[in-house]
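> Need coordinates for the below:
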Amino acid sequence: MSQQSLEHVLQGKNPADVLRNSQIGAYVYPVVPSEYTNWRDEQRAWRETAVLFDQSHHMAELLVTGPDAKKMLSSLATNSFANFPPDRAKQFAPCSYDGYVIGDVIMFHHAENEFNLVGRAPTVNWVQFHAQTGDWKVEIVRDDRSPSITGGKAVIRQHYRFQVQGPNAAKILDRLNGGPIPDVKFFHLDAINIKGRRVRALRHGMAGAPGLEVWGPYEQMEEIRAAIVEAGKDFGLVQVGARAYATNTLESGWIPSPLPAVYTGEKMKKYREWLPANGYEATGSLGGSYVSSNIENYYVTPYEMGYGSFVKFDHDFVGREALEKKSKEAHRRKVTFVWNGEDVTKVFASQFTPGAERYKYIDLPLSNYASSSYDKVMKGGKVVGLSMFSGISYNEQTMLSLGIVDPDIKVGDQLTLVWGEENGGSGKTTVERHKQLEIRVTVGTVPYGQMARETYRPK
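Numbering: from 1, shown residues only. Below is the predicted model:
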């Protein structure tokens with residue numbers, strides 16, 4: 001066993017303790033400015049006019065090609081490849097052997113035997129592992145996310161990646177294209193013209209309203225950005241910085257960072273020995289008021305994450321047997337928690353009351369302070385849910401969080417979220433000494449934003 005592996009990091013230790021006291025520090029969205037104007041107006045723009053999201057830096061890419069590319073990816077996919085021709089994309093959320101989510105990415109099917117996976121590290125790592133250790137006729141090219149600290153060095157990626165979203169997105173895209181853009185169906189791929197260049201495009205809806213994601217060679221990035229900004233001047237286009245970008249999912253309903261289910265199980269040992277000691281899984285942090293010594297209590301199923309409609313048993317894949325059993329059970333489900341404003345203000349008031357105990361600070365607009373967040377949600381003294389991603393929606397004028405609840409919890413139910421960590425806080429560098437506070441929350445729909453509920457159609 002390599003001494004540079006996740007397995008070595010965990011040897012003789014409780015994985016939950018390791019992650020709860022991680023020293024990795026705050027998560028940083030790399031390269032993109034924190035704000036172009038201010039995060040409040042940037043949030044408002046995706047609801048009222050249009051926004052330009054720069055996604056060129058914070059996600060990894062994994063290009064998978066070769067005669068076995070489709071076969072290998074299908075063997076890892078909970079969703080079906082039966083009707084997945086080129087020029088389509090889908091959310092790809094593989095599971096462990098025990099049927100728990102490892103992560104998710106967007107998988108682009110560019111051509112026969114050519115797929116590009118774009119997203120967070122856990123899923124990219126899992127696919128790369130199988131490509132390199134399995135008996136598959138595939139080739140991979142990995143392009144990691146840009147560094148959080150560049151050290152003054154130039155940042156170079158394979159692709160730029162932009163999204164144009166919001167009520168005025170179609171008008172901006174038509175102007176860029178020199179005429180109406182193709183009538184692209186959701187999660188279908190096509191192309192538009194920008195400054196005489198043929199630019200690939202995905203029909204997407206990350207901020208709720210329909211829009212397009214466009215990408216191309218990184219060296220063309222500033223040329224394409226300038227063209228989009230110019231085309232958007234008459235339509236209220238706002239460039240979105242890293243602070244606001246991180247919160248758009250609160251309204252559209254995607255939970256970005258569940259704990260990858262890789263820390264236990266004999267079948268996963270080979271993977272843990274492959275994962276590096278300085279990688280995401282070994283250095284990531286676990287935070288929140290929900291505390292368990294059993295790391296598996298932090299794992300989630302596709303059904304709990306809202307991916308149940310993706311799961312198809314028309315093919316063999318890792319975790320199929322376990323998921324077939326889980327599919328027959330009652331499931332926790334994804335919801336939005338709407339925080340009580342009076343209780344939230346108590347947190348801020350404690351920062352300005354000399355001599356008083358302070359509650360865990362709520363950073364705005366995004367209040368997560370760990371790679372994977374788990375705050376317990378209570379009813380009658382019993383844990384009935386978990387809050388997993390929280391922040392403020394300037395559009396809704398409220399704190400929101402995404403999470404999961406027991407099957408018997410209904411929309412409109414009043415519950416209690418415990419904010420802050422027990423015993424004054426863990427040893428993470430992002431956690432100051434503090435006191436816990438119970439915050440009233442109301443169970444809301446997901447997606448929460450009206451526009452997202454009416455127009456966003458995940459596939």
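
> C-alpha only now, for contacts and for neighbours.
Will do.

> For the residue lying closest to Gln239 once chain neighbours are set aside, report the pLDDT, please.
Counting by C-alpha to C-alpha, 6 or more residues apart in numbering, Leu52 is the residue found nearest to Gln239 once chain neighbours are left out, at 4.7 Å. Looking at Leu52, its pLDDT stands at 98.

> Just say helix, strand or coil for Leu52.
Look at Leu52: counting by DSSP: H, G, I helix; E, B strand; the rest coil, its state is strand.

> Make sure it is actually in contact with Gly236.
No - using C-alpha atoms under 8 Å, Leu52 is not in contact with Gly236; the gap is 10.6 Å.

> neighbour count winner among those two?
A count of neighbours by other C-alpha atoms under 10 Å puts Leu52 above the other of Leu52 and Gly236, at 25 against 18.

> where's that one relative to Ala244, distance?
For Leu52, the distance to Ala244 equals 11 Å [C-alpha to C-alpha, to the nearest Å].

> Trp126 now?
Taken as C-alpha to C-alpha, the span from Trp126 to Ala244 is 29 Å.

> pull the longest helix from the protein.
helix 121-133 (DSSP state H).

> buried residues in that one?
Along helix 121-133, these residues count as buried under the neighbour rule (16 or more other C-alpha atoms under 10 Å): Ala121, Pro122, Thr123, Val124, Asn125, Trp126, Val127, Gln128, His130, Ala131.

> Which elements pack onto that helix?
On a contact count with 3 or more C-alpha pairs under 8 Å, 6 or more residues apart in numbering; DSSP states H and E, helix 121-133 meets strand 60-65, helix 69-76, strand 139-143, helix 280-283.

> quick one: strands adjacent to the third one?
Partner strands for strand 139-143, per DSSP bridges, with pairing direction: strand 60-65 (antiparallel).

> what sits up against the partner strand?
Residues outside strand 60-65 that contact it (C-alpha atoms under 8 Å, 6 or more residues apart in numbering): 113-121, 124, 128, 138-145.

> could you dump the buried residues of helix 121-133 to JSON lines with pLDDT and distance to His57?
Below are the buried residues of helix 121-133 laid out as JSON lines (pLDDT from 0 to 100; distance: C-alpha to C-alpha, whole Å):
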{"residue": "Ala121", "pLDDT": "97", "distance to His57": "13"}
{"residue": "Pro122", "pLDDT": "98", "distance to His57": "16"}
{"residue": "Thr123", "pLDDT": "98", "distance to His57": "17"}
{"residue": "Val124", "pLDDT": "98", "distance to His57": "15"}
{"residue": "Asn125", "pLDDT": "98", "distance to His57": "17"}
{"residue": "Trp126", "pLDDT": "98", "distance to His57": "20"}
{"residue": "Val127", "pLDDT": "98", "distance to His57": "20"}
{"residue": "Gln128", "pLDDT": "98", "distance to His57": "20"}
{"residue": "His130", "pLDDT": "98", "distance to His57": "25"}
{"residue": "Ala131", "pLDDT": "98", "distance to His57": "24"}
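
> since we're on the closest residue to Leu386 other than its chain neighbours, how many residues are nearby?
For Leu386, ignoring the flanking residues on the chain, the nearest one in space by C-alpha to C-alpha, 6+ apart is Lys376 at 4.8 Å. Lys376: 22 surrounding residues under other C-alpha under 10 Å.

> What's the separation between Lys376 and Ser387?
For Lys376, the distance to Ser387 - C-alpha to C-alpha - is 6 Å.

> which residues do these two both contact?
Common neighbours of Lys376 and Ser387 (C-alpha under 8 Å, 6+ apart) are Leu417.

> In contact with the closest residue to Lys137 other than its chain neighbours, which residues?
Ranked by C-alpha to C-alpha, 6+ apart and with sequence neighbours excluded, the top spatial neighbour of Lys137 is Asp68, at 5.1 Å. Applying C-alpha under 8 Å, 6+ apart, we find Asp68 in contact with Asn113, Trp136, Lys137, Val138.

> repeat that with 10 Å
By C-alpha atoms under 10 Å, 6 or more residues apart in numbering, the contact set of Asp68 is Ser74, Asn113, Glu114, Ala131, Asp135, Trp136, Lys137, Val138, Glu139.

> Kindly report the same for Phe313.
Counted by C-alpha under 10 Å, 6+ apart, Phe313 has contacts Thr78, Asn79, Ser80, Arg320, Glu321, Leu323, Glu324.

> Apply 8 Å and report the result again.
Neighbours of Phe313 in contact, by C-alpha under 8 Å, 6+ apart: Thr78, Ser80, Arg320, Glu324.

> Is it in a helix, a strand, or coil?
What three-state DSSP gives for Phe313 is coil.

> circling back to that earlier point, so what's the residue nearest to Gln239 bridging to?
Val164, Gln239.

> if I look at it, how far off is Ile156?
Distance, Leu52 to Ile156, using C-alpha to C-alpha: 20 Å.

> coming back round to it: what touches both of Leu52 and Ala244?
With C-alpha under 8 Å, 6+ apart as the test, Leu52 and Ala244 reach no residue in common.

> which among the contacts of strand 60-65 end up buried?
In the contacts of strand 60-65, burial by neighbour count holds for 113-121, 124, 128, 138-140, 142-145, counting by 16+ other C-alpha under 10 Å.
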